[in-house]
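> Would you be able to build a 3D model of this:
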Amino acid sequence: MNQSPSQTTHLFTNRQITAMLLPLMAEQLLITLMGMVNTFMVAHVGSYAISAVSLVDSINILVIQAFYALSTGGTIVCAQYLGQKKTGHAIRSAEQTLFIVTAAFCILFDRQILRLIFGTVDEEVFNSARTYFFYSSLSYPFIALYDAGSSIFRAQKNTGFPMAMSLIANIAN
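Numbering: from 1, shown residues only. Predicted structure coming up:
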């Protein structure tokens, strides 16, 4: 039996989808804004600092997007388990989305990573980039934790709390 498009039953109403999407879009805007704020904060230090922040932020964006992609996968798995009322499986899936190895890797191999990605840059820019990369990589475990946690909230149809946490992180920054 074929249903006409007007008779199709949807899982979510447009209002529910909008209520979930607006916080997600605001959260992504806040994440992007944080990199811009970092550049503004070092603008008075000099061109070497601005260059360093610009170089390292491209790595930060890559790492953050990797965390986000992994947490999105975790969201899907958790949501499926929650939908099946398998809370124990959902909890184990959420735990598996948490990993902190990336920060230690970036701290230990900062010089090699920066040289590999950027090749030869001015020594002052390189030294400033290493300093900024060190402090940025200290935040990676917390970003991974945030992404995994926010994915769990999203799996429970709560997108407002992760957006509020992103706003607090931007203010703290």
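
> can you give me the helices for the protein?
14-42, 47-83, 87-96, 101-108, 110-118, 123-138, 140-155, 160-172 (DSSP state H).

> Compare the mean pLDDT across those helices and name the weakest.
Mean pLDDT is lowest for helix 101-108 among these, at a mean of 68.

> give the contact list for residue 77.
By CB atoms under 8 Å, 6 or more residues apart in numbering, the contact set of residue 77 is 90, 93. All C-beta spots, glycine's among them, are computed from the backbone N, C-alpha and C.

> Determine which stretch of the helices of the chain is the most buried.
Each of those was scored by mean neighbour count; the highest is helix 140-155, a mean of 20, by mean count of other CB atoms under 10 Å.

> Show me what that one is packed against.
Using 3 or more CB pairs under 8 Å, 6 or more residues apart in numbering; DSSP states H and E, the elements in contact with helix 140-155 are helix 14-42, helix 47-83, helix 87-96, helix 101-108, helix 160-172.

> nearest to residue 127, of these?
For the helices and strands packed on helix 140-155, proximity to residue 127 was assessed by CB to CB; helix 47-83 is nearest, at 8.0 Å.

> Can you give me the end-to-end span of stretch 119-126?
10 Å (CA to CA, to the nearest Å).

> coming back round to it: got the helices of the chain as JSON lines, with distance to residue 8 columns?
Listed next are those as JSON lines, based on distance: least, CB to CB, whole Å:
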{"stretch": "helix 14-42", "distance to residue 8": "13"}
{"stretch": "helix 47-83", "distance to residue 8": "20"}
{"stretch": "helix 87-96", "distance to residue 8": "29"}
{"stretch": "helix 101-108", "distance to residue 8": "43"}
{"stretch": "helix 110-118", "distance to residue 8": "48"}
{"stretch": "helix 123-138", "distance to residue 8": "47"}
{"stretch": "helix 140-155", "distance to residue 8": "25"}
{"stretch": "helix 160-172", "distance to residue 8": "28"}
